[in-house]
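Undergrad: fold the stuff below for me.
(3 chains)
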Amino acid sequence: MKNLLEIHDAHVYIGSFYILQGVSLVVPKGEVTLLLGRNGAGKTTTMKSILGIYPPSEGKIVFKGEEISNLPTHKIVNKGIGYVPDTRRIFGTLTVEQNLIISRRKGTSKDVMEERLELVFDLFPDMKGFMKQRAGTLSGGQQQMLAVARALMNENDLLLIDEPTEGLSPLLAKNLINALDRLKEFATILLVEQNFRTVSKLGDNFYIFDNGKIVHEGDNIAELIADKELVAQYLGVSI
Amino acid sequence: MNNESNNEGNLKRSVRGIPSILSKNRTVIAVVAFLYLIPLGTTSSFSPVRTLLFIITQIMIFGLLAMSFDLQLGRASLLNFGHVALFGVGAYFMAYTLDAGLLPPPFNLIATIPYPLTLVFAMLVGGGLGLIMGLTTSRMRGTAFAFIALAISMFIFNFFRQNPDISGGETGLQVPTPDIIRTGPFYLLFVAIAFVFLAAFFGTVILYIKKRTDYAGLILLTPVMVAFTGVLLIFGTNILGPVLVFIAFLVMILLNRFERSKSFSDPLRENQTLTGEVKSINKLTAYVLPFIIMIVVLVGLYLSFATNIADMVLLWIEDSSLYYFTIPVQFYLVLTCLVIIYAFVRRLIASPFGRMITAVAQNEERAEALGYNSYRAKIVVLVISGAIASLAGALYAPFIRIIVPDTVLGVEVTINAMLYTIIGGIATLLGPLLGTGVVVYSELNLVDLIEGFGLPGRLWLIVLGVLYIGIVLFMPLGIVGSIGRRVDSLKGSFRQMKVRQFEFGLKDADYWIFGLLGTMGLVLLLSEDPRFLPISYGIFGFLGALGLLLMLLFRREIASRIRGFIKKRRLRRRKIGRFEFGLKDADYWIFGLLGTMGLVLLLSEDPRFLPISYGIFGFLGALGLLLMLLFRREIASRIRGFIKKRRLRRRKIGRFEFGLKYVDDVLFGSLGTLGILLLLTEDPRFLLISYGIFGFLGALGLFLMILYRMEIASRIRRRSTKGGD
Amino acid sequence: MTMQTERFSSHDYMENHPQVIKILVWTIVLIVIAAILVVVGIVNNRLDLAILLIVAAALLVVAAIVNNRLVSAICLIVIGAILIVVAIDVYTLEGVIVKASKSFVNGLALSMLLFLMVSGFFLIFGLCDVINFAHGAFFMLGGFMGFVIYLGTEALFLDPNLPFLLLFGANHYVMSVFAFIVSALGATAIMALIGGGIEFFTIRRLYGNSIAQILLTVGFMFIITQAAEIIWGPPQFSYFIIPGSSSQLDTFFMGGVLVFGDIIFETYNIFLIFLGFAVGGLMFLGFRKTRIGLQIQAGIEDKEMVEALGTDIRKLFTIVFMLGAGLAGLSGAVLVPMIGASSGHGLTYLIYAFVIVVVGGAHYGRFEGTFFGALIVGLSIQFSSYFIPFLENIIVFIIMVIILIVKPGGLTGHE
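TA: Purely as a prediction, here's the structure:
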């Protein structure tokens, strides 16, 4: 089984808005897949429909060979998916430690969590210092670390990471990308990122979204960076 | 000069506009005209109509309240849990304006305002309170508005309860009847309005008959004719009146025949039918005849009720303070207010502002992004609905004559308005009114029934609560909304289909008949006057027979549909969880058993079993109704097929052509009606004639049966073999 | 033709002149305080004191607004003097201390139990977005359940045919304690089951349609209230546990009074304060330490994210409903000896719940807000019933309006 996740022709409506208009993609096991595109192109909606928050009205989503399109969110997640949302969405009234405690799922043993906590401290050494602090009082970078750490508390096969570097300073962003690079060995990653050049070292597979459809896909990101016309047309970056 | 001709043109245009107004509002006009007719039947002596009037007035007042509640909940998504405050201030304001002794000196000046004006002032007061409630919505978004509104109403309630000097405390405040209500001219004014509405009603009937030139329209019209004449016969004091009205009905049908035979050859006319507009070139049939018919009708109506009206005026001259003089006048007053408010709200909802409210209610943020000011829209809705609720209160106070804080300011009133609205149908115009009627009617009857068993009558309220929860869960649109949504698709399916020139399908224009018949049946049933029972049984019998016929015709479709439905349901259920519900083949014995049990219990005539058998039949009936709604398409196509077959077979029989044609049906209809009417008069002299008529009809029927025995037999055989497989 | 440059807008004006708002707000507060004081003065026939206090409040406002230090200092000195005069006067005033201490203890007891009830309401509102109109009815039914179970348990003990008689012998005191515990726990369990059942079978179908959910809970309130009125009579009837009368035992374990000189407290009310603190503390601990407690807290903040972390949010909703209804049942049951059981309590306490939640901060508010809201409402009800009886039923609304004017989002919430 080469592909960990497959989406076949998914159509998603939110209310009366037709957001995803037939999206098909595959996420190969053990690699990093990038979703690129402008704001509102449907990248985040794709993630949320994988999670079952916006289940597709047509088409199907297959994870580890099982169809998960119509399962409730918590069952999908329990099959081994970690989620790092785009606006962090950490629980501000809880402490960092409590945030991590409730991220551990029922199926995960406490030993695994201890192990993972070590990993997190290894990735983000700063975190040890603010474990007892209320998450709402953290800075943006610290919150992003927490959001990533939260997805690591379980043994996930797939990590959905949405705009991790958004709003971070270049230095922090670089640190985070380095951390993600190390995470490749633990899980397959599906990454949404506007700033594709900074993440180009993570992986080669990419999909470009526009208006709820996939308009381009490829397995060599260097070619994309070279193709200025394509970049200007769909990613809104002119050089 | 130019101006004058302009005025004339305007006048002409507005007169020409009347028919289209009439035909657009058939149901409303028919029902309102009927309601205006009822008080004419009251005389100075005791009459059960008074009790009826009292109940309907109460229904209309609370209907107004429910309507204003629905304006907030249904249109603007504002759940106002303090709605009763708006009602209560109206009631207390009215009480203070009617009796100067209720308030301390500086404030009792409001008692100098003359009565009908005080209604307007009460509306202003209610609107003001609505404004205050609206201002708080800026503080609390969404559902939390219910908090604040409830707190405001509780504040007012507690304030009134703890100051017995101005609220009357637990014994309540005596509210005098306004003087003007006790005057004869005021009554006569309403009588005049009543005649205008009745004339409008007959106008719609004429327009309807002119438009509905086929067979089906007359079948539908016959019960209206019979029922209306029957009501006149019983309400009125002079037999000549109903006879005249009945003749007028017949003349209308003749008029239709006349026009139809003339225009069949005209190809243009065919076109016009499709657009729904009928314009005859002939001045005689277009203007003169309808006018004459109207005159005849009005004379007939006047003849029926002249004695009653004269009685009421005499009563005013003798002693106007009598309680039963005021009841019809109050009924008229409330009815008139209701009609005005109804027309106003209808316009409001159709206006751009109404659409804006709906937009705001659906998605506040998006509406604001589009440039609507949601805050202001909500405030306007609250002011308008506050004014309406306050009007309801102002009408209620002199009507009920004693007001207590608990009955006009207690939270129970809000909850009742909520029940009426939800059960009737949220965001529908007629829903709240209908809901009020249904709940009040069932309450009146069920409480007696329940107490008959030695159980506390309040048990009914629990039943009501369960019903309410069921509606919120499974029928979120309420009675009117759920049916209305289906009626739309039904209408659509009928419009698409065409069977030669012979159209039978119910058109938009036909539904008023059902509305009127339903209302008449309900009201007459409500009156509990034994004389009306035959009519209302007849009406319900007609509607029921129609339903039964349809069910018999479509039993196959029903069965397959049920199967399909169950399959679907089961699939859906299965997805939800382990919880399986669907009916299986093995389940049908339950229905058989239930039906038999119900019948046996009914036949036993033991009053203790009645509720059980009612319950069983109610369940089965509800199931049947549900099925009918589900299979409306099949029913329509079947009816069409059935009619076609009938006609073909008639033609085929041979040289012996007997087939009943169009004209004959009218004859039978009128004969039957006449027979029933004569039977109803209970005059032994007429009995012989009516026996004769029925004898003739019966013999004819027998003759036909003998004539067509072959066909009948083969039909039956076919049916039974079909049923076998 | 002159162009109209700009229309006067009070809103813009206010924004440009913040001190005007400050003065306006303070004036309104002052007027309200003055009105209350005058009312208190009239009721107690001490208008002079009321006027002195108004002067003091006015000076306080002046001191707060004015930037001049000297003026502020003088104002504060005068305030101090006035307060001393008033204090001396009040101390010698017959019964004021007694009244104040009684209303303080009773108010505290009521507050603690209101807090228990309202925290259930608040949890349901916060996590499930359902305004539970049936909450007052749960509370009322909990009271009746407690009453019935108490009487049933003692009847069980006193029945000579059953072996329970041997358990405590004729020790009515122990029986009473045991019956009380059973009644409190029983009412909690029954109401939790009812609440969970209502959520599981009906409200669950309507998530996402908040108006329909409210309408549904109104239906349940209606049904429960009507049923209670059929069984136990209209709101005019109140049921108390009275030893020797309604109760067969000759004692109630926390009956009687505590006497401190002139001041007499009912023992049960003091017991309630401790009980309320104990249960409230347990609850706080539960929310801090247990996984489910943390999940509920997180869910109040962001439901979707909790679900995306692998928690079955529906199960959480049911649990919260059970918890909320159970807390309502518990507080209803233990309040029976203080306020009795009556079918009218449903509506009354529902409204208190509303006021407390609004005062404490309905949107994104915190538990602490609910706690202070309950404290304010409970104390003000009891104080006004002793000092300004005719305001007893209205005072909470007045307080709510004042707090909403000063802090639109409530004490801890934000809008």
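Undergrad: now do the domain split for chain C, please.
TA: Domain assignment for chain C by automatic domain parsing gives C:2-90, C:98-406.
Undergrad: and of those, who's closest to chain A?
TA: Smallest distance to chain A across the domains of chain C (CB to the nearest CB): 4.0 Å, for domain C:98-406. (Each C-beta comes from the backbone N, C-alpha and C, glycine too.)
Undergrad: list the buried residues of the longest helix belonging to chain C.
TA: Ranked by residue count, the top helix of chain C under DSSP state H comes out as helix C:96-128. Within helix C:96-128, the residues that qualify as buried are C:96, C:99, C:102-103, C:105-128, counting by 16 or more other CB atoms under 10 Å in any protein chain shown.
Undergrad: now stretch A:36-52
TA: A:36-38, A:41-52.
Undergrad: from the residues you listed, which are also near chain C?
TA: A:Leu51 (CB under 8 Å from any CB of the partner chain).
Undergrad: how about the buried residues of stretch A:36-52, which pair is most distant?
TA: The span of those, defined through CB to CB, is set by A:Arg38 and A:Gly52 at 25.1 Å.
Undergrad: run a quick neighbour tally on B:Met294.
TA: Residues lying near B:Met294 (other CB atoms under 10 Å in any protein chain shown) number 17.
Undergrad: quick one on the thing from earlier: so the longest helix of chain C, near chain A or not?
TA: No - with CB under 8 Å from any CB as the measure, helix C:96-128 is seen stopping short of chain A, the closest distance being 11.0 Å.
Undergrad: quick one: that helix to chain centroid distance?
TA: How far helix C:96-128 lies from its chain's middle: 4 Å, per CA atoms, centre = their mean, to the nearest Å.
Undergrad: other SSEs contacting that helix?
TA: helix C:69-92, helix C:135-158, strand C:263-266, helix C:267-289, helix C:291-301, helix C:313-339, helix C:345-360, helix C:367-387 (3 or more CB pairs under 8 Å, 6 or more residues apart in numbering or on different chains; DSSP states H and E).
Undergrad: buried residues in the fifth one?
TA: Which is helix C:291-301. The neighbour-count check on helix C:291-301 (16+ other CB under 10 Å) flags C:292-301 as buried.
Undergrad: could you do stretch A:72-79 as well?
TA: The neighbour-count check on stretch A:72-79 (16+ other CB under 10 Å) flags A:73-74, A:76-79 as buried.
Undergrad: does that stretch reach chain B?
TA: No - applying CB under 8 Å from any CB, one finds stretch A:72-79 separated from chain B by no less than 11.3 Å.
Undergrad: residues touching residue 6, list them.
TA: Assuming you mean chain A. Going by CB atoms under 8 Å, 6 or more residues apart in numbering or on different chains, A:Glu6 touches A:25-27, A:61-62.
Undergrad: ok, it to chain B distance?
TA: 23 Å (CB to the nearest CB, to the nearest Å).
Undergrad: partner strands of the helix or strand that residue falls within and their direction?
TA: Per DSSP states H and E, A:Glu6 falls inside strand A:3-14. Next to strand A:3-14 in the sheet, as set by DSSP bridges, lie strand A:17-28 (antiparallel), strand A:58-63 (antiparallel).
Undergrad: got JSON lines for those strands, with mean neighbour count and mean pLDDT too?
TA: Below are these laid out as JSON lines (neighbours: other CB atoms under 10 Å in any protein chain shown; pLDDT from 0 to 100):
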{"stretch": "strand A:17-28", "mean neighbour count": "18", "mean pLDDT": "87"}
{"stretch": "strand A:58-63", "mean neighbour count": "18", "mean pLDDT": "89"}
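Undergrad: nearest to B:Ala194, out of these?
TA: strand A:17-28 (53.0 Å).
Undergrad: next one: that closest one to chain centre, how far?
TA: Worked out by CA atoms, centre = their mean, strand A:17-28 lies 15 Å from the chain centre.
Undergrad: neighbouring contacts of the helix or strand just after that strand?
TA: Moving toward the C-terminus from strand A:17-28, the first helix or strand encountered (DSSP H and E) is strand A:32-37. Residues outside strand A:32-37 that contact it (CB under 8 Å, 6+ apart): A:25, A:27, A:43, A:46-47, A:180, A:184, A:188-194, A:196, A:199, A:202-203, A:205-210, A:221, A:234-235.
Undergrad: what's in contact with stretch C:160-168?
TA: Contacts for stretch C:160-168 (CB under 8 Å, 6+ apart): C:156-159, C:174-175, C:178.
Undergrad: please pick the buried ones from these.
TA: The neighbour count (16+ other CB under 10 Å) marks C:157-158, C:175, C:178 as buried among those.
Undergrad: now for the residues you listed: which two are most distant?
TA: Spatially, the most separated pair among the buried ones among the contacts of stretch C:160-168 is C:Leu158 and C:Phe178, at 12.2 Å (CB to CB).
Undergrad: give me the nearest residue to the residue nearest the centre of chain A, chain neighbours excluded.
TA: What sits nearest the mean C-alpha location of chain A, by CA atoms, centre = their mean, is A:Ile161, with 1.6 Å. Leaving aside its sequence neighbours, A:Ile161 sits nearest to A:Val84 (CB to CB, 6 or more residues apart in numbering or on different chains; 4.4 Å).
Undergrad: got phi/psi on the one you found?
TA: In terms of degrees, to the nearest 10, the main-chain angles of A:Val84 are phi -120, psi 100.
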